[in-house]
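1. Generate coordinates for the sequence data below:
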Amino acid sequence: MIHLAVAVPRSASAATDVTVNWNDVKQPIDGFGVSQAGWSGAIYDLQEPARSQVMDLLFKPDTGIGISILRGEIFPTFNPAPGQYDFGARPDQVWVMQQAKARGVDKIIASTWSPPAWMKTNNQTTHGGYLKSENYGDYAALLAKFIKEYKSQFNIDLYGVSVANEPNSMTFLEWDSSEWNSTNFQVFLKDYLKQAMIDQGVQNAKVIVGESSWWSEDLVKDSLNDPASAARIDIVAGHNYPVPVVNAEMPTQPFATAEAKGKKVWMTEVSKVDSYDPGIGSGLKFARQINDFMTKANTNAWMYWTGAIPGNNDEGLINVDKSTSTFQLTKRYYAFGNFSKFIKPGYARIGATANPVSGVYISAYKDQATGKFTIVAVNDSDASAELNFAPSGFTAGKLTPYTTNSELSLAQGPNVPLTGGKFQAIVPAKSIVTYVGQNGSPADPAEQTLTDDLNDWSKTYAHTAGLSLDSTNSIYFGGDTSRAKRTTGTAESIIYHVPNVTNFKATLYHFSVWDGVAFYASPDNVNWTKIVHVSTPGVYTGSQWYRKFYSPQALLPVGTNYLKIELSGTDTYEKQIAKVVLNYKT
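-> Predicted coordinates for the structure are as follows:
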């Protein structure tokens, strides 16, 4: 039977509601970022076209993941001796910042790992050491001049500067570092930095304070509680590395003092050191972290350590090989993009059911000005999740999903229509799915559908000889009296032929055998492309039978005119096809 209908709806059985509340407005979003502090050469030293390709992949909003914050470094070499300045000492950083700006990045910040050695108590840039009290003014002048000179010399507008990177540094560290206590910050901010920035005419730049190596605002509390120093704090930041010795991360919770004083809160650095996992395991780990920092800590921005870094490690989103000017995109890159590409500066987080089922985590965001909205679902469990997204205070005709998992990388899927006031979606296991929509948008135009209840073979184009129709034991199949099953343990298939197939939904029953189901698309019945699919968790229907619904995770290839369903494995009757619905365009 062929008739007009809307896109294939999902099954509502066993689904869990997720309420998304347009009017429950949480924190504003400043952006998602990466650092190239000290690692700008990882991109700058690549030969063209590789270096421009890496910049595009990181920062372009259309062909890349649209990262909106770039973090650089204020190097000790910028002020090698009293009264001497050389802000052109790192051309690699200048190039990366300029190229990021050209790709639309409007928040470029820089952190200080260490003031120049001549300003410090240990007379070196490494192994900790404090800023000498007699050099507070010199260091304040360096920060202010850096902002001014990067604009005048290189046309780089610094959104903000951070006084100290990881001021709780351990003195054994071999890289540049410096130590600060809460009193150091309090005095420096109110007595030195505030006036220095006024003197250089850069007082509108943001000042970032904190950036402890673990998630804590303790070193900034005294400054926040002192109105004079708090006046020169715009953003309180922290990192999310484990606390040494105990090797555990601090709880992901709000910076209560910073929030109470009306300051923005950013998580400005995290990665996994001493490991290499370019796969979805690492992608899910950090997708979970982003979700938690958005929903539990209420952060306004979240940043990974580097966008690109040499070698095989987990410290960047992209691993580069400078000797060959090649690079590898990790699943961590795509998982980060599930947030950065679709949640833009100026969005605000809105209320959503945070943990609807075990292992599934939800956050939602909106742009009040345009009506665009984004929902991110992180499924870290081993089972797919049926979710009914229920809009509250808004409506839309459809959601467009983008999926990252072991098989797909930000792959667009078929639109999810609004059905009965809800968006019925299936989130695959071990996946991050971003759903985007527009408040007030219409539904997609109606498409034609082919519905085959498999009462006979009349609606199929072809089927292999090892298939037969089974009408027995309908009590176990919801009363269905005809299903396709195999009669031998060989691969058998059904082919459907309609023009321009856009979507499908297949109902199968399994006798406790879950593998051996595949779908293929073809333009000509000769060249076939395997379809990455998702299925619902099995719903028990009697004896050892379970019902599952299958659908594609990604858009079918344009020009799909044939759809093949293949059953394989050593079993025979244990997998049965009960119903197939195809969407297509004539």
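
2. The residue lying closest to Leu556 once chain neighbours are set aside - how many residues pack around it?
-> Of all residues not flanking Leu556 in the chain, Ala521 sits nearest, at 5.2 Å (C-beta to C-beta, 6 or more residues apart in numbering). Placement of C-beta: from N, CA and C, glycine included. Neighbours of Ala521 under the rule other C-beta atoms under 10 Å: 21.

3. Number the residues from 292 up from this point.
-> Okay, residue one is now 292; in that scheme the one you just asked about reads as Ala812.

4. secondary structure element for Ala812?
-> strand 808-813 (DSSP states H and E).

5. Quick check: mean pLDDT of that strand?
-> With pLDDT averaged residue by residue, strand 808-813 scores 98.

6. same question, stretch 770-777
-> 97.

7. mind listing what's buried in that stretch?
-> Buried residues in stretch 770-777, counting neighbours by 16 or more other C-beta atoms under 10 Å, are found at Asp771, Ser773, Arg774, Ala775, Lys776, Arg777.

8. ok, back up a step: so which elements touch the strand holding Ala812?
-> Counting contacts by 3 or more C-beta pairs under 8 Å, 6 or more residues apart in numbering; DSSP states H and E, strand 808-813 is packed against strand 792-802, strand 820-821, strand 824-826, strand 836-843, strand 853-858.

9. who wins for proximity to Tyr875 among those strands?
-> strand 792-802 (4.8 Å; C-beta to C-beta).

10. tell me the contacts of Thr691?
-> For Thr691, the contacting residues are Gln703, Gly704, Asn706, Val707, Tyr726, Val727, Gly728, by C-beta atoms under 8 Å, 6 or more residues apart in numbering.

11. if we go to 6 Å?
-> By C-beta atoms under 6 Å, 6 or more residues apart in numbering, Thr691 lies in contact with Asn706, Val727.

12. Correct me if wrong, but it is in a strand.
-> Yes - with DSSP: H, G, I helix; E, B strand; the rest coil as the criterion, Thr691 is assigned to a strand.

13. That one pairs with what?
-> Judged by DSSP bridges, the bridge partners of Thr691 are Val727.

14. all strands of the stretch 442-591 of the chain, in order?
-> In the stretch 442-591 of the chain, the segments counted as strands under DSSP state E, counting those that start in this stretch are 449-453, 497-503, 526-530, 555-560.

15. Format those as CSV; extra columns: mean pLDDT, distance to Lys663 and mean neighbour count.
-> Below are those laid out as CSV (pLDDT from 0 to 100; distance: least, C-beta to C-beta, whole Å; neighbours: other C-beta atoms under 10 Å):
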stretch, mean pLDDT, distance to Lys663, mean neighbour count
strand 449-453, 98, 23, 23
strand 497-503, 98, 26, 25
strand 526-530, 98, 25, 26
strand 555-560, 98, 22, 25
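
16. Out of those, which is closest to Gln491?
-> Using C-beta to C-beta, the nearest of the strands of the stretch 442-591 of the chain to Gln491 is strand 449-453, at 11.6 Å.

17. List the contacts of the closest one.
-> Lys398, Ile399, Ile400, Ala401, Ser402, Leu434, Ile438, Tyr441, Ala496, Lys497, Ile499, Glu502.

18. Name the member of the residues you listed with the shortest distance to Glu783.
-> Among the contacts of strand 449-453, and counting by C-beta to C-beta, the member closest to Glu783 is Lys398, at 56.5 Å.

19. wait, doesn't the closest one sit right on Ile360?
-> Yes - shown here, Lys398 and Ile360 form a contact pair, counting by C-beta atoms under 6 Å, at 4.4 Å.

20. what's the span of stretch 683-699 from first residue to last?
-> 31 Å (C-alpha to C-alpha, to the nearest Å).

21. out of the contacts of strand 449-453, who has the most neighbours?
-> Leu434 leads these on contacts (other C-beta under 10 Å) with 28 neighbours.

22. and the lengthiest helix in the chain, how far out from the chain's middle?
-> Ranked by residue count, the top helix of the chain under DSSP state H comes out as helix 427-445. Averaged C-alpha coordinates place helix 427-445 at 34 Å from its chain's average position (C-alpha atoms, centre = their mean, to the nearest Å).

23. and Gly451, what are its bridge partners?
-> Ile400, Lys497.

24. do you know how far it is from Ala380?
-> Distance of Gly451 to Ala380, computed by C-beta to C-beta, to the nearest Å: 21 Å.

25. Can you tell me the strand partners of the lengthiest strand in the chain and which way each runs?
-> Longest strand in the chain by number of residues (criterion: DSSP state E): strand 307-319. Sheet pairing here is set by DSSP bridges, and for strand 307-319 it gives strand 639-643 (antiparallel), strand 676-683 (parallel).

26. Show me how the chain divides into domains.
-> As assigned by automatic domain parsing, the chain contains the domains 307-314+640-729, 321-634, 738-875.

27. hang on, the earlier thing: what's the next secondary structure element after the longest strand of the chain?
-> By DSSP H and E, the next helix or strand past strand 307-319 is strand 322-326.

28. same for the helix or strand following that following strand, what does it pack against?
-> Once strand 322-326 ends, the next helix or strand along the chain (criterion: DSSP H and E) is helix 332-335. Contacts defined by 3 or more C-beta pairs under 6 Å, 6 or more residues apart in numbering; DSSP states H and E place helix 332-335 against helix 382-393, strand 592-601.

29. As a markdown table, the ones you listed with mean neighbour count and distance to Ser573 would be great.
-> Output for those, formatted as a markdown table (neighbours: other C-beta atoms under 10 Å; distance: least, C-beta to C-beta, whole Å):
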| stretch | mean neighbour count | distance to Ser573 |
| --- | --- | --- |
| helix 382-393 | 19 | 24 |
| strand 592-601 | 25 | 11 |
